[in-house]
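S.K.: output the structure for:
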Amino acid sequence: MTKPTFLNTKSQRRQCYDEFDMLPRYIDAFKSRFVWEGLPEDCPPDFIEECMFFAAGVGMKRLRGVGPAVFAAAPSSVLDIYGHPMKWLPVDVLGGTSLKPEVYKESDEPVLWSPPAFIDKIRPYLEIMRKAVNALNQNMLGMAQPVVIEADIGAELNTSMVKSKTSEGELFVPVIGRKTVPAQVLDLEVQDFTHSLLGVIHDMDSQILGVMGYRTANEKASGVSDLEAGVAESLIRSKVDMDLKIRERWAAEVNDRFGMNISVRIAGPMFETDQERDDDSGQGSVGDPDTA
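M.R.: Reported below is the predicted structural model:
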């Protein structure tokens, strides 16, 4: 009997975890940048941003018996002079069940197009982070087991274990018999690289969040000048504003085509400047008799 296609082998599951175990953090951060309102009732509010994380586009088309529905989109024909697909196909990028064949028909409805997919933008950072995490695990394992025993492979060392209870648990001391195969303890001379490896991981994390437009803790801890901080702030604001304009334009086209009232806005205080936050806090305290 053949293995069902929905079951993965142990090695496949391990490979999947190695590649994607850090993705949920960035998926959640990416979906939290913008707030969509006025979407079809059955469409989750973060579905569009989740599609944009894994695909380069999002489109809306009418389905018989359903009405307007949102899909991740891929181009099905040539691009126009601006690199925008003239027609698109729904694609399943979220690992869900396959839909009916009639759903996967090309459409010329407005498509939100912002290539490449965000996961492709951050893939180099994720790869460096994955290697750093693997090296960190190896370094910590080496420090936890700093020695090895050199002896003939397969030879019986005739060892026994001596137990000694301590206040923190049980301590096991290996004892080798005198008449057994000679063995020698080798020091691995393990060095502690955890600090530098953690620095690489944190830096890659900041780079990924910076691509999204988030201000990170490294920005304040790096000791940059006011001018450099201003340039970084301008780049972040420009990135977020451009992403917002692309989404607003698509929302306007969809509203005109489907007669809907879809809107999108920047979410939360993460993209506000320090001055904006200070102004908001100052306005909140004016006229407050308790704080006067």
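
S.K.: from here on, just use CA atoms for contacts and neighbour counts.
M.R.: Fine.

S.K.: secondary structure class for the nearest residue to Met204 once chain neighbours are set aside?
M.R.: Distance criterion CA to CA, 6 or more residues apart in numbering; nearest residue to Met204, sequence neighbours excluded, is Tyr125 at 5.6 Å. The three-state assignment at Tyr125 reads helix, by DSSP: H, G, I helix; E, B strand; the rest coil.

S.K.: residues contacting Tyr125?
M.R.: Counting by CA atoms under 8 Å, 6 or more residues apart in numbering, Tyr125 makes contact with 204-205, 207-208.

S.K.: one more: Val66?
M.R.: Taking CA under 8 Å, 6+ apart as the definition, Val66 has no contacts.

S.K.: mind running it again at 10 Å?
M.R.: Going by CA atoms under 10 Å, 6 or more residues apart in numbering, Val66 touches 40, 42.

S.K.: so where does Val70 fall, helix or strand?
M.R.: According to DSSP states H and E, Val70 maps onto strand 67-75.

S.K.: follow-up on the earlier one: pLDDT score for the residue nearest to Met204?
M.R.: Note on Tyr125: pLDDT of 93.

S.K.: Arg265: which of the contacts of Tyr125 is nearest?
M.R.: Ile208 (21.6 Å; CA to CA).

S.K.: what about that closest one, how many residues nearby?
M.R.: The number of residues packed near Ile208 is 21, by other CA atoms under 10 Å.

S.K.: quick one: it and Ala151, what's the gap?
M.R.: 47 Å (CA to CA, to the nearest Å).

S.K.: pLDDT weak spots in the stretch 1-150 of the chain?
M.R.: 1-20, 94-99 (pLDDT under 70).

S.K.: so which residues of it form strands?
M.R.: With DSSP state E, counting those that start in this stretch, the ranges of strands along the stretch 1-150 of the chain come out as 34-37, 57-63, 67-75, 88-91, 111-113, 147-150.

S.K.: show me what the first one is packed up against.
M.R.: Just to be clear, that refers to strand 34-37. helix 47-54, helix 226-258, strand 263-266 (3 or more CA pairs under 10 Å, 6 or more residues apart in numbering; DSSP states H and E).

S.K.: show me what counts as buried in the second one.
M.R.: The one in question is helix 226-258. Using 16 or more other CA atoms under 10 Å as the test for burial, helix 226-258 gives 232-233, 236-237, 240, 243-244, 247-248, 250-254.

S.K.: how far off helix 47-54 does it point, in degrees?
M.R.: Inter-element angle recorded for helix 226-258 and helix 47-54: 120 degrees (by axes from the mean of the first three to the mean of the last three CA atoms, to 10 degrees).

S.K.: make JSON lines out of the strands of the stretch 1-150 of the chain and add mean neighbour count and distance to Ile262.
M.R.: Conversion of the strands of the stretch 1-150 of the chain to JSON lines gives the following (neighbours: other CA atoms under 10 Å; distance: least, CA to CA, whole Å):
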{"stretch": "strand 34-37", "mean neighbour count": "17", "distance to Ile262": "6"}
{"stretch": "strand 57-63", "mean neighbour count": "21", "distance to Ile262": "12"}
{"stretch": "strand 67-75", "mean neighbour count": "20", "distance to Ile262": "12"}
{"stretch": "strand 88-91", "mean neighbour count": "22", "distance to Ile262": "20"}
{"stretch": "strand 111-113", "mean neighbour count": "25", "distance to Ile262": "13"}
{"stretch": "strand 147-150", "mean neighbour count": "12", "distance to Ile262": "63"}
